[in-house]
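Engineer: Sequence and predicted structure are below.
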Amino acid sequence: MSKLFRKIKSAFIIEDEKTEQVATPDETGDTSPGSHEGTVEVEQTPMDVDLAEGDDGEISEKFTHILLKALEANNQEGFDYIEFKRSVQNLKHLDVDRGKGYEIAYATAKTMGATPDGLVSSAERYLTVLKKEEDKFEKALTNQRAKQIEGKTEQKKQIESDILEKKKQIDELNRDIEAQKKSLEELKQTITEARKKIQETGSGFKRSYAHLVAQIRQDIENIKKYLN
C-alpha cells in the first residue's frame, strides 16, 4: 500500500452499523499535505469484482478500497480537497465543533494556496471520479444481471416447461393405469364367473353321468339276475 493511498484512506471515516472508525494515518506520522508520488499501482476496479459476493447492503471494505484507489489514481498535485479533508480529520481528536475544525484546517490550507472555491472545485472533481466508478459498476451489474438472472430466467422457463410436459405425461400414464386397473378388475370378474360356470357345468355333467351309469349298471345286474 503506497504512502499516498494511506494518506487518502486516513482522510475518510469508514462507517458501518456497528462501528465508526477513522482510518489510521500513515505509519510515518506525517500529516503534511501530500502530492502524487510516483507511478500509481493499478488494482481492481468495480468491474473486476465478483458481484455474486453480496455485502447485504452494508459498507464494503473491498469496494471502499477500490473507490479510494480511484481517488489515488486521480490525486491532484499540491494541496487539494484530499489534503484539506485529511487536515480536518486529524483535528477530530480535539474537542472542537465541526465549523471550528474546518476553520482551523483552512487556516493551514491558505498557507498552501488553497481557496474555498478551489477546494470545492477539487472536491467536485473527485465526485466526478467516483461517479465514473459508479457508472462502471452499474455496467458490471447490468452484465451480471444479463448473465446470472436474465439468461438463467430463460433456462428456468425451459425447465418449468419440461416439468409441465412431464406432468402431463404422468397424468396420461395415470389415466392409462386407472383404465387398465378397471379392465383388470373386469377381467378378474369375468374369469371368476367363467370358472364358476365351468365348475357348475362340470358338476352337472358328472351328476348326470353318474345317474345314468348307475341306472344302466343296475339294469345289467337285474338282467343277469332275473333273466338267466
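Structural biologist: Nice, I can see it. Numbers count the residues shown, from 1 in each chain.
Engineer: buried ones in stretch 73-80?
Structural biologist: Within stretch 73-80, the residues scored as buried using 16 or more other CB atoms under 10 Å are 73-75, 79-80. For glycine as for every other residue, the C-beta is placed from the backbone atoms N, C-alpha and C.
Engineer: Closest one to Thr153 out of those residues, please.
Structural biologist: For those, the residue nearest Thr153 by CB to CB is Ala73; the value is 37.1 Å.
Engineer: Does Phe137 belong to a helix, a strand or coil?
Structural biologist: Assigned with DSSP: H, G, I helix; E, B strand; the rest coil, Phe137 falls in the helix class.
Engineer: so how far is Arg125 from it?
Structural biologist: Phe137 is 19 Å from Arg125, where distance means CB to CB, to the nearest Å.
Engineer: secondary structure class for Phe79?
Structural biologist: coil.
Engineer: per-residue confidence averaged over the host helix or strand of Lys224?
Structural biologist: Under the criterion of DSSP states H and E, Lys224 resides in helix 151-226. Averaging pLDDT along helix 151-226 gives 94.
Engineer: before we move on, what about stretch 93-112?
Structural biologist: Per-residue scores along stretch 93-112 average to 86.
Engineer: Dump that stretch to PDB, restricted to CA.
Structural biologist: Output in PDB follows, covering the C-alpha atoms of stretch 93-112 (Å, rounded to 0.1, in the frame of the first residue of the first chain):
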ATOM      1  CA  HIS A  93      -9.300  14.200  18.500                       C
ATOM      2  CA  LEU A  94      -9.600  17.900  19.600                       C
ATOM      3  CA  ASP A  95     -12.800  18.900  21.400                       C
ATOM      4  CA  VAL A  96     -13.900  21.500  18.800                       C
ATOM      5  CA  ASP A  97     -17.100  21.700  16.900                       C
ATOM      6  CA  ARG A  98     -17.300  21.000  13.100                       C
ATOM      7  CA  GLY A  99     -17.200  24.600  12.000                       C
ATOM      8  CA  LYS A 100     -14.200  25.400  14.100                       C
ATOM      9  CA  GLY A 101     -12.400  22.400  12.800                       C
ATOM     10  CA  TYR A 102     -13.000  23.500   9.200                       C
ATOM     11  CA  GLU A 103     -11.700  27.000  10.100                       C
ATOM     12  CA  ILE A 104      -8.500  25.700  11.800                       C
ATOM     13  CA  ALA A 105      -7.800  23.400   8.800                       C
ATOM     14  CA  TYR A 106      -8.400  26.100   6.300                       C
ATOM     15  CA  ALA A 107      -6.000  28.400   8.200                       C
ATOM     16  CA  THR A 108      -3.300  26.000   7.300                       C
ATOM     17  CA  ALA A 109      -4.700  25.300   3.800                       C
ATOM     18  CA  LYS A 110      -4.500  29.100   3.000                       C
ATOM     19  CA  THR A 111      -0.700  29.000   3.500                       C
ATOM     20  CA  MET A 112      -0.600  26.300   0.900                       C
END
